[in-house]
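Engineer: Pasting the sequence and the predicted coordinates here, then a few questions.
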Amino acid sequence: MKKALSLLLAAVMIFSLAACQPEVKPTTAPTQAPTQAAPTQAPTQAPTQPRPTQAPTQAPTTAAPRTPGDGKDNPVVWEAGKTYTYKASTSTLGANWNPHTYQTTDEAYTLDYTTDNLYTFLFNNTYDGYVIVPSLAAAEPVDVTAAVRTAHPEYNIPADATSGFAYKVSLNPKAVWDDGTPIKAADYVESYKRLLDPNAANYRSADALSGSFVIANVNEYYWQGKTAYTPLGITPTEYLAQGHTAAEIYVNAWDFWGAEGYKDKDGNECPNWISVLDTTVYDNEDKDDAFSGADLYRVYLGPGAPYESAYAPEDLGYAVSYPPNFEWSKVGIYASGEYELTIALTKSLSGFYLLYNINGLSTFLVKTDLYDKCLDKEKYTSTYGTDVATSASFGPYKIVEYQADKYVKMVKNDKWWGWSSDQFVYQDPEDHLWYQMYQTTEINCQVVTESATRREMFLKGELASYGLQTEDMDTYRNSDYTYVSPGSTIFFFIFNGYKSVIEQREADETFDKTKFDLETMTLQSFRKAVAVSYDKELLCAAINPARSGGYGIIGKSYIYDPDTGAEYRETDVARKVLCDFYSVDTTKFASLEEAAASITGYDPVAAKQLYKQAFDEAIAAGYITDTDKDGKSDQTIKITYSASSMSDFMTKTLNYLNEKMTEVTQGTPFEGKIVFDAVAYGNAWSDRIKDGTADTVLGGWSGSLLDPYSVIKLYTDPTQAYDGKWFNGQTVPFTLTVNGKEITMSLYDWGECLNGTTVNGNNFGSDAASQETRLQILAALEGEILKTYDYIPMIQDAGMAMLSQQLFYVTEEYNAVMGRGGITYLKYNYDDAAWANYVKAQGGQLKY
Amino acid sequence: MGRYILQRVTLMLVTFFIITFICFALIRMLPLPAVQPGDPHQEVVLQRRELMGYNKPIIEQFGIFLKGLFTKWDWGVSDKLYMGQEVWSIFLGKLPPTMVTNLYSIIFAIPIGILLGIIAALRKNTWLDHFISTATMVCISVPSFVYASIVQHFLCFRWGWFPMVMATGTDLFTKEMFLSMVPAVLSLSFGVIAGFTRTTRAELTEVLTSEFMLLARTKGLTKMQATVRHALKNCMVVILPAIFGNFISIMSGSLIIEQIFSIPGVGKLYLSSINALDYPLFLLLSCFYLAIGLIAGIVVDVSYGFIDPRIRMGSRK
């Protein structure tokens, strides 16, 4: 017994000693990771084998000994035989990537990898901007306006135009399809012809028919034999004054009256556009919304009618009947050589915007022989770009496997001309060596609908990135592998100022005026108070930590000068706008930058004063009462929040808004008397705001980050603005001194001028004014819009995503145009085999 | 029996045609997806609808549909989710993953379900019976997506026994593919096992207390012999039609399970077609599920006659 006990004791001691040994941790333990995910700082790589995947494979070929990567002409080429798979996921995998018919960004997913552009954006050498280099083009476009105008009068280039209307583009003769077929000028022309086939009604043809880059006569070709309607763009009074008659005017009954599906007494459907002389009555199924084109014109939109200024320019139009049998040869695009393309435009375009927009030609490029085989001319449907066999690539990658709703696999397109070009190399800012772009050898994107599944796959090393959800924020927002990418949208509170509608709502018998009030929210003092009632950063932290506080109506990443990539929000004039709006005493700061950085938009002391002021004004105006003279409002200011649907996010937002409002109004006449109450209106949420039947929403606009000027029109143009029915930019005069000249125009006209329309001889479009001049006007308009307090900026949109330890971006700085460089600039710490081993060594789950 | 089957099939075809027409008419009467005001594609979209015949009278549209169906087996072209592609081809491409997953589930679940039911019935009112019955109730009550999440988290993520989602590729009979299907099969099986356990237990319990079972035992049969030869055979009158019904429904798929395990099957196709207002696809799937329901009804009814000759279908006497 003693012997057995002693043996047992000995065994226990040996076991205990073993257990006391320090735990052997893998050298690549994530807990030792430095603060950044950048390769040189990342401890996720085995220290003894730094950057194993970057091992040079090229032997020096020159007499003088050279090290791979020591120059642009001698880049590091990724080691052959190793695979670097970018493992992506998506909740929806597009099933149609035909460049002529795709409709959503999901569908365009593969096009980002399998196509190339005439002119490509690359990072500049310092990674703080970009350069535009020819890719499918061989050189910059050459202006041939004068020559083309003379040779082709059918293009209708203005007689006095000397530049900007016609260009000759030399094409890259090395560019080929993935089967080796050369891409020639005729391919561009034929692709465009198929895009605009009048019988096909291709979805993307609309992109070629309007906008700033429109080739001459494309509308005549596309609409041949049909009638198209174009908004007047001016009031009917102005239109008639030009010598036109009412018989030429049509009303967009679907847009203005929502009359799609309405019928006349004979059961005929209401057309989209109706003559303003047409007295045919259309009505809905309930027979309670009858109208005729003549009615709409006379009562609402015609000369002198109440909505003439606000809606008529957009909802009244003129008809253009296009003659039948328009020949393609008259369209302003032709092959002037085997590798030379000539185009004629309807509007002049030059500089950055030309290079940016001319890529539309390569966007629509299709392999015409394959395209024609896929086209069912009986139904005018096409299977082009729906599987591997019907796809053709001319970009760095090509599709090799595809299963609908499951996955798509792309590998390097060995026929892409760029592999042999010294243009697609970059210098690493860390080690200063030159590398070939596109280290990724394979892109494998599979459908994973559930975000929880995506997160677990990411943690198992099966996905390259993972977009953080709200529930992940606490755990991962501060991870070294988390990247923030700002969005283009500023979410602002829009406050109802439509007084006549508010009065109607209050007059409704179900509205108890002794308990509630709506009119107080129209007071500017009240809105000012709301504007400083919330700490915007805390608001974001509470409802969506990926986002940050928003302070102006133009977001962080907008670029005012595309040539330099200069961001609007980083300019002094833009900073001054914010300082003025938030009443920052700039003399207390060393610079405007510091002054603007000090803005939090939160000032509870000022808020309390402003609520008191609003109370006094509301009492004086008779909006609210204080019958017991206790200095507090008898009524609750009930603010209806127009939600699209009720969700956890919505509940969280409302709870936060109400909770903080209660805090900030303590001790004021509105203590506990301001309540946000959400109602779900589905897709009609924005209409509810615009027509004044709901009071607020956190809404916003997204737009092209390269064009903040078009964004400002969303505020100055009453047909687009949320507050267009109670703030008419067409009737608000605004004076600015531009280049020493004092100019007074309506806000609407300023917005139009800034976007290239000539008003009273003024034009501040990209071709007509310097960027600095445009910047000054843009900032002035932003300041003027903010002053209305119809919009109270709250949130700057952003997204957060984690990047796998397997890979990293060459630069971590986010650029509005380039992002972080995408697949082009991705580098790998591990090839696929090494990564699998690494994940296994970590126990199959990684820590971020 | 032959006459009865013929009658039922004829009636089924008539029912199918009528319901198909109703579906077609209702679908075509639905408003088409709204074109957003100001959308530059508005005119193009409207033009396309004109070309697709959406503006013709419904009866004419149905005539065109029937003509295409009977002459070319043409169910139409998807105009939203799978732009330009034949909806029949899309559907056929998605059927195999759904069928194989469900087939594995049934092969796995039915024997276990029946076995557990037999054990529970034979051990009626013992702790084993109570345990099985309670587990059965839990399995029936808890939605399948809960099982799916638990299975995925523990078996796939925590313990790493199986892949997180179904493997990629179209060859459904490889080892890798089979392993990747196991979590989905398990998740689908809980409900089926519980259903069969409950049915078998209830039927067998009733049969075991019948007088003929007593007679069988007094004739000298062992309990096992009496149960297998007599009791189970009688239970099959109820269980076998349920098995047939399950086999037919293997084509119907499961929205939640397919979504969680990324199975590219028909389960979520129906819902996607409704959400996307892809009417041709929606019509095909409606007809498909209608056909499944009708065929299942006939098969189950007819199977009664084969299993128990005492049941005479359609007899006028």
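Structural biologist: Arrived safely.
Engineer: rest of the way, CA atoms for contacts and neighbours
Structural biologist: Noted.
Engineer: Spit out the contact partners of A:Glu659.
Structural biologist: Listed by C-alpha atoms under 8 Å, 6 or more residues apart in numbering or on different chains, A:Glu659 has no contact partners.
Engineer: Pretty sure it sits in a strand.
Structural biologist: No: counting by DSSP: H, G, I helix; E, B strand; the rest coil, A:Glu659 is not part of a strand but helix.
Engineer: Could you report the neighbour count for residue 95?
Structural biologist: Picking chain A for this. A:Ala95 has 24 neighbouring residues, counting by other C-alpha atoms under 10 Å in any protein chain shown.
Engineer: you looked at the wrong chain, it should be chain B
Structural biologist: 18.
Engineer: again with A:Met437
Structural biologist: 23.
Engineer: need the contact list for it.
Structural biologist: A:Phe424, A:Val425, A:Tyr426, A:Thr824, A:Tyr825.
Engineer: Tell me which of those fall in strands.
Structural biologist: A:Val425, A:Tyr426 (DSSP state E).
Engineer: For the contacts of A:Met437, give me TSV that also has neighbour count, pLDDT and distance to chain B.
Structural biologist: Output for the contacts of A:Met437, formatted as TSV (neighbours: other C-alpha atoms under 10 Å in any protein chain shown; pLDDT from 0 to 100; distance: C-alpha to the nearest C-alpha, whole Å):
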residue	neighbour count	pLDDT	distance to chain B
A:Phe424	17	93	32
A:Val425	25	93	33
A:Tyr426	26	94	34
A:Thr824	20	95	26
A:Tyr825	22	95	27
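Engineer: What is the nearest of the contacts of A:Met437 to B:Gly93?
Structural biologist: Distance ranking of these against B:Gly93, using C-alpha to C-alpha, places A:Thr824 first at 34.0 Å.
Engineer: what's the nearest residue to that closest one if we skip its chain neighbours?
Structural biologist: A:Tyr438 (4.7 Å; C-alpha to C-alpha, 6 or more residues apart in numbering or on different chains).
Engineer: Equivalent analysis for B:Ile298, please.
Structural biologist: The shortest distance from B:Ile298 to any non-neighbouring residue, by C-alpha to C-alpha, 6+ apart, is to B:Arg8 (6.8 Å).
Engineer: Can you report phi and psi for the one you found?
Structural biologist: Main-chain dihedrals, B:Arg8, degrees, to the nearest 10: phi -60, psi -40.
Engineer: list the helices and strands the helix or strand harbouring A:Trp254 packs on?
Structural biologist: Following DSSP states H and E, the helix or strand that holds A:Trp254 is helix A:253-257. Counting contacts by 3 or more C-alpha pairs under 8 Å, 6 or more residues apart in numbering or on different chains; DSSP states H and E, helix A:253-257 is packed against strand A:273-275, helix A:312-315.
Engineer: what does the helix or strand that comes right after the first one rub up against?
Structural biologist: It refers to strand A:273-275. Following strand A:273-275 in sequence order, the next helix or strand is helix A:293-295 (DSSP H and E). Helix A:293-295 has contacts (C-alpha under 8 Å, 6+ apart) with A:Tyr250, A:Val251, A:Ala253, A:Ile274, A:Ser275, A:Val276, A:Leu277, A:Asp278, A:Thr279, A:Thr280, A:Val281.
Engineer: Now which of the residues you listed would you call buried?
Structural biologist: Buried members of these, counted by 16 or more other C-alpha atoms under 10 Å in any protein chain shown: A:Tyr250, A:Val251, A:Ala253, A:Ile274, A:Ser275, A:Val276, A:Leu277, A:Thr280, A:Val281.
Engineer: least confident pick among these?
Structural biologist: Within these, pLDDT reaches its minimum at A:Ala253, with 90.
Engineer: Contact partners for that one?
Structural biologist: A:Ala253 sits next to A:Ala259, A:Glu260, A:Cys270, A:Pro271, A:Asn272, A:Trp273, A:Ile274, A:Gly293, A:Asp315 when contact means C-alpha under 8 Å, 6+ apart.
Engineer: rewinding a little: tell me the one of the buried ones among the contacts of helix A:293-295 nearest B:Thr170?
Structural biologist: A:Ala253 (49.8 Å).
Engineer: Residue of the stretch 1-150 of chain A closest to chain B, please.
Structural biologist: A:Ala95 (5.4 Å; C-alpha to the nearest C-alpha).
Engineer: Least confident secondary structure element in chain B?
Structural biologist: Within chain B, no helix or strand scores below helix B:42-52, which has a mean of 71 by mean pLDDT, DSSP states H and E.
Engineer: Repeat that for chain A.
Structural biologist: Every helix and strand in chain A was compared by mean pLDDT, DSSP H and E; the lowest is helix A:2-20, with a mean of 50.
Engineer: after that helix comes which helix or strand?
Structural biologist: strand A:85-90.
Engineer: number of nearby residues for B:Thr134?
Structural biologist: B:Thr134: 13 surrounding residues under other C-alpha under 10 Å.
Engineer: Secondary structure class of it, three-state.
Structural biologist: helix.
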